[in-house]
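Enquirer: show me how the following folds:
(one chain, ligands or ions: 2)
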Amino acid sequence: MTKKLFIKTYGCQMNVYDSERMVEALGGAGYEEVKTPDEADMILLNTCHIREKAAEKVYSELGRFKHLKTEKPDLKIGVAGCVAQAEGAEIIARQPMVDLVVGPQSYHRLPELEAKAGQGAKALDTDFPEEDKFDHLAARPKAKRGPTAFLTVQEGCDKFCAFCVVPYTRGAEVSRPVDRIVTEARDLVERGVREITLLGQNVNAYHGAGPDGEAWSLARLIWALDKVDGLERIRFTTSHPNDMSDDLIAAHGECAKLMPYLHLPVQAGSDRILKRMNRSHTAESYIRLIERIRAARPDILISGDFIVGFPEETEDDFRDTLTLIEEVHYGTAYSFKYSARPGTPAAERATVPAEVADDRLQRLQALLTRQQRATQDAMVGRDVHVLFEREGRNPGQIVGKSEYLHAVHVTSDRIAKGDIHRVRIVESGANSLGGILAPS
Ligand code: 5AD
Ligand code: SF4
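Expert: Ligands and ions are numbered 1, 2, ... in the order given. Below is the predicted model of the structure:
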């Protein structure tokens, strides 16, 4: 009898990828995925620990499942991902209805954990095991899928930014071997995928073993994927400025499949704060780096991450961040109020008052929104190539992404999901662009 699994994913794209693999791992134990928690035999929350708000969401969500567990005592409830790694048995102490806790490095053991939970025991696994979870996961099933996919190539981080839990929850940097990645990419392409986003917490520090036994750079991996027939587009995220090697910068100019979009977080624009963040680069070195990337690929769209209200950030420090943003001009960006994370060095330091941080976040977001809007508006009149992914809101509308990762909608009956077409942009809306098929 098939059992039903409801999985809810929080946080970054790596969790989205992990959730897909968890569904596959539990598929071997007789589970199939369902869309609502009410019909599930097992509920799995794949969690994020990056900011306090994200971590607290898990407990409020668990509270909401309480009545389901009362109605159906056999229902299994599991917590996976980074909160599981960081809090482990603490989760079961705080929420005794949780049956199973599994960290991001051990979810290939989910079938055994599920069996243990089935016998009424609590199952906990937050090891960083010797064996590679990817080796133990069944090959991805051959079912057709949408035109875009994530593929994790690297995990963990050795950078130890003073605010960040990732080095603790995801562990040291580990890269998957080149041949496994190429095999997985080929398999995805056979199943209808045309665009792959390579994922890693610090993806451009990739140094996986190549077929020649040497450690390959991310750029070499991209060139290997460039040869996969049927794969049309390659992206990667997230990168650290210090790992933007010359070959990776050059690939942006030379590899036609590598899309002109780069997410390159800087976090702050004040050297004093960058130093306290342990970022080991300066505002100036970041700006020079962006110039070199733009020299290789002039139309590249730059995206970033920012933290405001980091401990001891003064108004002058904050203004330096605004100045850096003015200089770089971001096509899109993500910005956050600093959140003290237990166990990180910055958590020990005096914080900026919440209302000051709130005010800074608003000012920063106003500037970033203006830049994002200007970048989008500048697309009007231009031709872009859109990979179409799904139906739009209006009848006959179909939506996809341009090479710059802008959502573009077109009304036409000549477009199918998975097609790539040249589209002329005719309007710029709040969060998307409107276009028409470009005359050939
Ligand atoms: N507080 C606020 N933002 C954080 N980030 C990481 N840790 C924290 C924290 N403690 C942000 C950074 C990172 C993004 C994924 O999340 O900007 O690039
Ligand atoms: Fe966290 Fe990224 Fe810094 Fe690594 S490089 S510690 S993942 S913010």
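Enquirer: okay, CA-based contacts and neighbour counts for the rest of this
Expert: Will do.
Enquirer: skipping adjacent residues, who's closest to Leu262 in space?
Expert: Nearest non-adjacent residue to Leu262, counting by Cα to Cα, 6 or more residues apart in numbering: Ile302, 5.1 Å away.
Enquirer: sorry, wrong one. I was asking about Arg297.
Expert: Using Cα to Cα, 6+ apart, the nearest residue to Arg297 is Gly253, at 4.9 Å.
Enquirer: element containing the one you found?
Expert: Using DSSP states H and E, Gly253 sits in helix 246-254.
Enquirer: show me what from the chain comes close to ligand 2.
Expert: 157, 159-161, 164, 166-167, 201-202, 240 (Cα under 6 Å from any ligand atom).
Enquirer: coming back round to it: keeping just the C-alphas, turn the helix holding Gly253 into CSV.
Expert: In CSV, the C-alpha atoms belonging to helix 246-254 read as follows (Å, rounded to 0.1, in the frame of the first residue of the first chain):
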residue,chain,number,x,y,z
ASP,A,246,39.8,34.3,-13.5
ASP,A,247,38.5,31.2,-15.4
LEU,A,248,35.0,31.7,-14.0
ILE,A,249,34.9,35.4,-15.0
ALA,A,250,36.2,34.5,-18.5
ALA,A,251,33.4,31.8,-18.8
HIS,A,252,30.8,34.5,-18.4
GLY,A,253,32.2,36.0,-21.7
GLU,A,254,32.9,32.8,-23.5
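Enquirer: just to revisit the earlier point, now the residue nearest to Leu262: how far from Arg220?
Expert: 22 Å (Cα to Cα, to the nearest Å).
Enquirer: for these two, indicate the residue with more neighbours.
Expert: Ile302 (21 against 18; other Cα atoms under 10 Å).
Enquirer: pLDDT of the host helix or strand of that one, averaged?
Expert: Using DSSP H and E, the element containing Ile302 is strand 301-308. The average pLDDT within strand 301-308 is 98.
Enquirer: one more: stretch 58-69?
Expert: Stretch 58-69 comes out at a mean pLDDT of 92.
Enquirer: what are the buried residues along that stretch?
Expert: 58, 62, 69 (16 or more other Cα atoms under 10 Å).
Enquirer: so how far is that stretch from its chain's centroid?
Expert: 26 Å (Cα atoms, centre = their mean, to the nearest Å).
Enquirer: same deal with stretch 328-343?
Expert: Taking Cα atoms, centre = their mean, the mean C-alpha location of stretch 328-343 is offset from the chain mean by 14 Å.
Enquirer: so what touches it?
Expert: With contact meaning Cα atoms under 8 Å, 6 or more residues apart in numbering, stretch 328-343 is reached by 50-52, 163-165, 287, 290, 301-310, 346-347, 357-358, 361, 364-365, 368-369, 371-372, 375-376.
Enquirer: for the record, mean pLDDT for the helix holding Gly253?
Expert: For helix 246-254, mean pLDDT is 98.
Enquirer: do you know how far Cys104 is from ligand 1?
Expert: No Cys there; residue 104 is Pro. 16 Å (Cα to the nearest ligand atom, to the nearest Å).
Enquirer: ditto for Ala80
Expert: Distance, Ala80 to ligand 1, using Cα to the nearest ligand atom: 18 Å.
Enquirer: if that residue is in a bridge, with which residues?
Expert: Residues in a beta bridge with Ala80, per DSSP bridges, are Asn46, Val102.
Enquirer: so where is the protein shaky, pLDDT-wise?
Expert: 138-141 (pLDDT under 70).
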